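>>> A predicted structure for the sequence below; I have some questions about it.
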Amino acid sequence: MLSGLRLERRRSSVARIIHSLPKGASSHLGTLDLTLVLSKQPRLCDFCEKLFRPVKGTARFCSPSCSLRWWLQFPEFREKIYTAERNKKCGDARKRWLASGHPDAAAELLRIARLNPSLDPAVRKKISQATKGRRPPIQGGKGRPAPLVQQLLFQMLEGDWRMELVVLTHQPQSRVSHYTIDIASPSRKIAIELDGGSHCFLKVKERDAKKDLFLRGHGWIVLRFWNKEILDWISSGRPTGSSISTIFRHHNIILSA
């Protein structure tokens, strides 16, 4: 027979747990018979509603996963746990693991590399529908004025550089009669390509790859940069230690002072 003191302590313990829950939350602990041993009473998990036998008398969840998922329903808990400091620490730890060379890390990197939603025909159709009729505010090439970033870089280059240089393919069987290089040095056969946001799309990437393959196959050196890369490089004073400056030095590309 359970003594009155032990029963009161048990009732107080259960009540304390229930009262400590976030506002509006409830628990199946309130349905237990406090006169019986709590650890011998199966109960429903507070998250998944699955019947389980507890290891501890006041257990509320069938697994740690259910416990975490239940608490994540409440914004105050998420804000307390997922702080900027914790997110940075977790991100740094994952970066170290991915760079560790472990077989599992290598497999994860391969999985991430293959994770391209635009390869899914349904996703590509949605992207096409969402972007239909849209055009970037500033366009260049094919008879239109060159973009500002292209003009800025061209003005810095010293030598026989030309903008929008047309290179004929001389391939009767090909649908492509020519390629246009953003900035080119015909005598040295160096091509500089500047890419905007549209070059993230799969079809444009494939077209760029074919263009690069043709040019390199005909003796050209192809240097491809993002517009933002060049703009950041220019705005930061063209630092000599940057990757862009290093690439230019490696190919003996002289810049004006």
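Thanks, I have it.
>>> Need the three-state assignment for Val167.
strand (DSSP: H, G, I helix; E, B strand; the rest coil).
>>> In this protein, where is pLDDT below threshold?
Within the chain, the stretches with pLDDT under 70 are 1-2, 134-144, 172-173.
>>> Let me see the domain layout of it.
In the domain annotation for the chain, the residue ranges read 4-77, 84-112, 148-250 (automatic domain parsing).
>>> Need those in a markdown table (columns: distance to Ala122 and mean neighbour count).
Bear in mind the C-beta positions are built from the backbone N, C-alpha and C, glycine included. Listed next are the domains of the chain as a markdown table, based on distance: least, C-beta to C-beta, whole Å; neighbours: other C-beta atoms under 10 Å:
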| stretch | distance to Ala122 | mean neighbour count |
| --- | --- | --- |
| domain 4-77 | 29 | 13 |
| domain 84-112 | 21 | 11 |
| domain 148-250 | 14 | 14 |
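>>> can I get those in JSON lines with distance to Pro121?
As requested, those are exported to JSON lines (distance: least, C-beta to C-beta, whole Å):
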{"stretch": "domain 4-77", "distance to Pro121": "33"}
{"stretch": "domain 84-112", "distance to Pro121": "21"}
{"stretch": "domain 148-250", "distance to Pro121": "11"}
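>>> would Met163 count as being in a strand?
Yes: counting by three-state DSSP, Met163 falls inside a strand.
>>> is it true that it touches Pro186?
No: under the criterion of C-beta atoms under 8 Å, Met163 makes no contact with Pro186, lying 11.9 Å away.
>>> any residues in contact with both of the two?
Common neighbours of Met163 and Pro186, using C-beta atoms under 8 Å, 6 or more residues apart in numbering, do not exist here.
>>> Show me where the stretch 101-250 of the chain has its strands.
Secondary structure of the stretch 101-250 of the chain by DSSP state E, counting those that start in this stretch: the strands cover 162-168, 178-185, 190-195, 221-226.
>>> Pipe the ones you listed into TSV and attach distance to Thr31 per row.
Shown next, in TSV, are the strands of the stretch 101-250 of the chain (distance: least, C-beta to C-beta, whole Å):
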stretch	distance to Thr31
strand 162-168	77
strand 178-185	71
strand 190-195	63
strand 221-226	60
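>>> Figure out which of those strands is closest to Arg86.
Arg86 sits nearest to strand 221-226 of all these, at 31.6 Å, using C-beta to C-beta.
>>> Just checking: what are the partner strands of the closest one?
strand 190-195 (parallel) (DSSP bridges).
>>> show me what contacts Glu76?
By C-beta under 8 Å, 6+ apart, the contact set of Glu76 is Pro22.
>>> Mind telling me what element it is part of?
Element membership for Glu76 (DSSP states H and E) is helix 75-81.
>>> who's in contact with the helix or strand just after that helix?
Of the helices and strands lying after helix 75-81 in sequence (DSSP H and E), the nearest is helix 84-98. The contact list for helix 84-98, computed with C-beta under 8 Å, 6+ apart, reads 105, 108-109.
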